[in-house]
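Participant: Sequence first, predicted coordinates after that:
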Amino acid sequence: MVDYVPINESETLPGAPLTSSLGFRFANNPIAIAQGAEGAPRIDTPAYQDKSLTNDKIADDTITPGKLATVSAGDDFLVGGLLGESIVETSTGSEKAFIEYLCLQGGSCRVRLHQARTGIAGDSIVVIRVNGQQRQIWSTSSASGHARTVDVAINRGDTLTVSVNRTASNATIISDFRITTSQMAFAWPHRLYLDFDNRDD
């Protein structure tokens, strides 16, 4: 690797001598920048043309967790969600998955939804799970419902599931459901369990 040796401003002023040392740095510093030499300016994102980094230029031609940026929970970027209002029926005491996401990046994400209950008795229950492990549970007997928000830690390859349950003869109403992050993230493929009614308002 070529060393990066800075060029002082005084060496480029009118009348400054053109020395062999200066010529050496003119020739070698661009190479040092390209090689990432210590102390050299770094090549930043705007220097790359869109779609210019192809798979054959990635080490081992393989996407690995170390090559994927981690994401943080936030409200800036919508990663997934459902429009309208979904009425989810379950058997009493029997938890049922509502929607499931495969996480393609690690870090954390924010799960937001509005939860309400139909019927006149019992509680509506919403459970957030990662790889089957409970991370959050919400319960309400309110017909008008509540806005819910939780930040969930995730790893690449995790499965994030939103499930519902009930304690009596009622159904869960989920609306304004979304998963968001503070940085742009890959779209996450998901499995949508279709045995419920969806009303897109």
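Facilitator: Received, thanks.

Participant: Any stretches of this structure with poor pLDDT?
Facilitator: Within the chain, the stretches with pLDDT under 70 are 55-68, 89-90, 185-201.

Participant: The lengthiest strand in it packs against which elements?
Facilitator: Criterion DSSP state E: the longest strand present in the chain is strand 73-88. Strand 73-88 is packed against strand 96-102, strand 107-117, strand 172-181, strand 197-199, with contacts defined by 3 or more Cβ pairs under 8 Å, 6 or more residues apart in numbering; DSSP states H and E. For the C-beta atoms, the positions are set from N, CA and C on the backbone; glycine is no exception.

Participant: could you give the angle of the third one to strand 96-102?
Facilitator: For strand 172-181 against strand 96-102, the angle between stretch directions is 10 degrees (axes from the mean of the first three to the mean of the last three Cα atoms, to 10 degrees).

Participant: Taking their axis directions, strand 172-181 and strand 73-88 sit at what angle?
Facilitator: Here strand 172-181 points in a direction 160 degrees away from that of strand 73-88 (the same axes, to 10 degrees).

Participant: Partner strands of strand 172-181, with direction?
Facilitator: strand 73-88 (antiparallel), strand 107-117 (antiparallel) (DSSP bridges).
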